[in-house]
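In: no sequence for this one, just the structure:
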């Protein structure tokens, strides 16, 4: 039970998640991450640190990568969200970044991978990374404790080269 | 996290009225506040959402050749704005030296200024902290204090302000526009943040109900001679141990104007007008830069774990002034220090 009087009930919000528009009641203190995982069953997005330090909860919010653990869902009425579940095509074909991660064995335990893939998809879209140094710098918000970084950089380089 | 109600403010006046309550907190990007809520460091009963307020998202040229940045402009949008990159590359560089793309996409200009210290004790409600609970004491003074202040601290608090962006804004002499119950006012950035003194619970000189609406940059941007040199425990995504934002104007091989500010060393971005004055009219010279650096650090005090910062800051100032004079700003991608 809450240790303070509840001053507000849930707030209704509308979110388009992976192209599916839904109307949802959310409590003011619910993070976007918890909404995705606990209320909507979209457990592809991972909870690592829950404090914005590891990047495993990265999603695309209105087209930009953010840490969903630091977003209060109730402040995002009308927004669109893409999670790792929304990357594959309607026929199930993997997103080129997902395929590149497989091609380069860019993970070990896999826990950070959804966040890495989302962040990498955004990095390519942003168009500001051209060299391995720039990829490393612009991926620095995604921590991999297995240390798969060299293969992650290689996977991203593959997608960048194919996009040229 | 405690329970709270959420109100979506319709305009700045409503946000100001709501925020006047000591039990209310404003949320914009949320990257710092949500974290503090999770640690129970902040326990508001009401959170005021200003993220959709109209009119605070623009970056506009001012009549006197400057730039007015709306409080809700994200750190990403500000860093990559064409005018900022061309006229204020020092500001762009500091923004890109801070946090990560995911955080910069959410974090706002106003929120960056208002973020709280990352002092370990402030963040841990199981320990005393004068900033979090006035009068309980400061364990950092005799505790773990690697990231703490060496300038302008007090026995009550040795926390540092963590922003990179604000350090550039200090060197650029930005002006913070705020709106509150008594109307609007313009606060020079040097008077926006406070030193801890005997009231470390107050980070800024904002009055109850005052909301940051914009930051204005004067015309002078030091585009030709600037650098942001940030030294930290890992090469990316870490707060500064010591950072220096420097801007020089040079004519005929002499320094005609000099500004520099330090991050990571004090409760606010640290400027020393006397040290800057030592540089004016002089040719760029390592010995001169070392003397100016020594002047900045003349009253520095270490607390054990952070004592190394005094030498580090002295050398960082010297190196940053050399980089600025040479017109070779520190890259925020290739972290080697030239």
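Out: Looks like it arrived, so ask away. Just so it is clear, the model here is predicted, and its values are computed rather than measured.
In: neighbours around the residue lying closest to residue B:45 once chain neighbours are set aside, how many?
Out: Counting by C-beta to C-beta, 6 or more residues apart in numbering or on different chains, residue B:45 lies nearest to residue B:23, which is 4.4 Å off, once chain neighbours are set aside. C-betas here are computed from N, CA, C, even on glycine. The local packing count at residue B:23 equals 10, with neighbours defined by other C-beta atoms under 10 Å in any protein chain shown.
In: now for residue B:23: which residues touch it?
Out: Contact analysis of residue B:23 by C-beta atoms under 8 Å, 6 or more residues apart in numbering or on different chains lists B:44-46.
In: in strands only, show me these.
Out: Applying DSSP state E to these, the entries found in strands are residue B:46.
In: redo the contacts of residue B:23 as a markdown table? Include pLDDT and neighbour count.
Out: Listed next are the contacts of residue B:23 as a markdown table, based on pLDDT from 0 to 100; neighbours: other C-beta atoms under 10 Å in any protein chain shown:
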| residue | pLDDT | neighbour count |
| --- | --- | --- |
| B:44 | 98 | 19 |
| B:45 | 97 | 17 |
| B:46 | 97 | 17 |
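In: what's next to stretch A:71-81, contact-wise?
Out: A:11, A:13-18, A:24, A:26-36, A:59-63, A:68, B:6, B:8, B:27, B:30, B:34, B:47, B:49, B:51, B:106.
In: can you give me how far it is from the chain middle?
Out: Distance of stretch A:71-81 from the chain centroid (C-alpha atoms, centre = their mean, to the nearest Å) equals 14 Å.
In: quick check: buried residues in that stretch?
Out: For stretch A:71-81, a neighbour-count test (16 or more other C-beta atoms under 10 Å in any protein chain shown) marks A:71-77, A:79-81 as buried.
In: which of these fall within strands?
Out: Here DSSP E is the test, and the buried residues of stretch A:71-81 give A:80-81 as lying in strands.
In: count the neighbours of residue B:316 for me.
Out: Other residues close to residue B:316 by other C-beta under 10 Å number 25.
In: A helix includes it, no?
Out: Yes - assigned with DSSP: H, G, I helix; E, B strand; the rest coil, residue B:316 falls within a helix.
In: which residues touch it?
Out: Counted by C-beta under 8 Å, 6+ apart, residue B:316 has contacts B:229, B:231, B:242-244, B:262.
In: of all residues in the stretch 1-150 of chain B, which one is closest to chain A?
Out: Nearest residue of the stretch 1-150 of chain B to chain A: residue B:100, at 2.8 Å (C-beta to the nearest C-beta).
In: in strands, which of the contacts of stretch A:71-81 fall?
Out: Using DSSP E, the contacts of stretch A:71-81 in strands are A:11, A:13-17, A:24, A:26, A:59-61, B:6, B:8, B:27, B:47, B:49.
In: of those, which is the nearest to residue B:334?
Out: Using C-beta to C-beta, residue A:60 comes nearest to residue B:334 of those, at 28.2 Å.
In: any idea of the pLDDT on the residue nearest to the closest one when sequence neighbours are not counted?
Out: With C-beta to C-beta, 6+ apart as the criterion, residue A:60 has its nearest non-adjacent residue at 3.9 Å, and that residue is residue A:82. pLDDT for residue A:82: 98.
In: done for today, thanks.
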